[in-house]
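Colleague: Return a 3D structure for these sequence lines:
(one chain, ligands or ions: 1)
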Amino acid sequence: MTKKIKKVCINKDCRYKGKSLELNKFNKGSRVCKKCHSKRVLNDRDNRINKKLAELIDKEVIKADELESANLLFKSCYRAIEDCTKNKGLYRNVSIAWNDPLLMMEDLIMKKKRFWEAWKEQSEIYFKSNKMLSARATLDRIQEDGNYTLDNIQMLSHGENSKKAHVKPLNVIVMDINGNKTDDIKCKSVKEAVDALKIKHPIHAFIDSGKTYSHEDGRILLFKSRKKSSK
Ligand SMILES: [Zn+2]
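Modeller: Next up is the predicted model:
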């Protein structure tokens, strides 16, 4: 008997239409192919969010014309939870008070009236601007070194939020190719660091990541955010 090395996706709507597929097209032990699997995950997510939104409309927590804003909020909650769970880059050591984006969205809408008002206003600007990224409402942590909790979240437009990230004071440790420290620079902002060190690439993902940035000229840089001097 020959060993079976191919598999058929059992989803009747599969794009491969019953064709035998290589095993790498499947997650281990799964009977549906990876394409069908991710479609199913997205569908489940959509079904849950739609059900929750319908429920909030029924309870008159939100109005029908606020659906789009709520959807944006859901997506932001989803991303925040994803990012914090991965514990990487900017979100290293940032914790989040929710593990279900639907509950997070619901809490923000129901328990933070002013936040929700601001979110809706900003979303309206965003839609009117033809979805200009800088106008997108985002979840901002008020205390930047704090976590995602009900008290520490405010609405900022994407533009305001990036600006805020840019004025974050930084310490940059400069090392030579052998890892010997050659300099320790204090910068008032990301922009100042980028200018002073003549870096071309975005460095946000490196800040507080514990990972070094290798400059093409051989310098090795380590970025650490610094708390703003008291004011
Ligand atoms: Zn399939």
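Colleague: Spatially, and excluding backbone neighbours, which residue is closest to M110.
Modeller: Sequence neighbours aside, V61 is the residue nearest to M110 in space, at 6.2 Å (criterion: C-beta to C-beta, 6 or more residues apart in numbering). (Each C-beta comes from the backbone N, C-alpha and C, glycine too.)
Colleague: per-residue confidence for the residue positioned nearest the centre of the chain?
Modeller: The centroid of the chain falls nearest to R79 when counting by C-alpha atoms, centre = their mean (3.9 Å). Looking at R79, its pLDDT reads 92.
Colleague: Which helix or strand contains it?
Modeller: Assigned by DSSP states H and E, R79 falls within helix 67-86.
Colleague: Give me the distance between the longest helix seen in the chain and the centre of its chain.
Modeller: Among the segments of the chain that qualify as a helix by DSSP state H, the longest is helix 34-58. Here helix 34-58 is found 19 Å from its chain centre; the criterion is C-alpha atoms, centre = their mean, to the nearest Å.
Colleague: What is it packed up against?
Modeller: If you count contacts as 3 or more C-beta pairs under 8 Å, 6 or more residues apart in numbering; DSSP states H and E, helix 34-58 packs onto helix 67-86, helix 101-111.
Colleague: JSON lines for these, including distance to the ion?
Modeller: Formatted as JSON lines, the helices and strands packed on helix 34-58 follow (distance: least, C-beta to the ion, whole Å):
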{"stretch": "helix 67-86", "distance to the ion": "24"}
{"stretch": "helix 101-111", "distance to the ion": "26"}
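Colleague: Including distance to I185, could those go into a markdown table?
Modeller: A markdown table is the format used below for the helices and strands packed on helix 34-58 (distance: least, C-beta to C-beta, whole Å):
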| stretch | distance to I185 |
| --- | --- |
| helix 67-86 | 28 |
| helix 101-111 | 38 |
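Colleague: Mean pLDDT lowest where, among those helices?
Modeller: In terms of mean pLDDT, the lowest-scoring of those is helix 67-86 (a mean of 93).
Colleague: Can you list the buried residues in it?
Modeller: Residues of helix 67-86 classed as buried: 69-74, 76-78, 80-81, 83-84 (neighbour count, 16 or more other C-beta atoms under 10 Å).
Colleague: And for stretch 119-138?
Modeller: Neighbour-count burial for stretch 119-138 flags W119, K120, Q122, S123, E124, Y126, A135, R136, A137, T138 (criterion: 16+ other C-beta under 10 Å).
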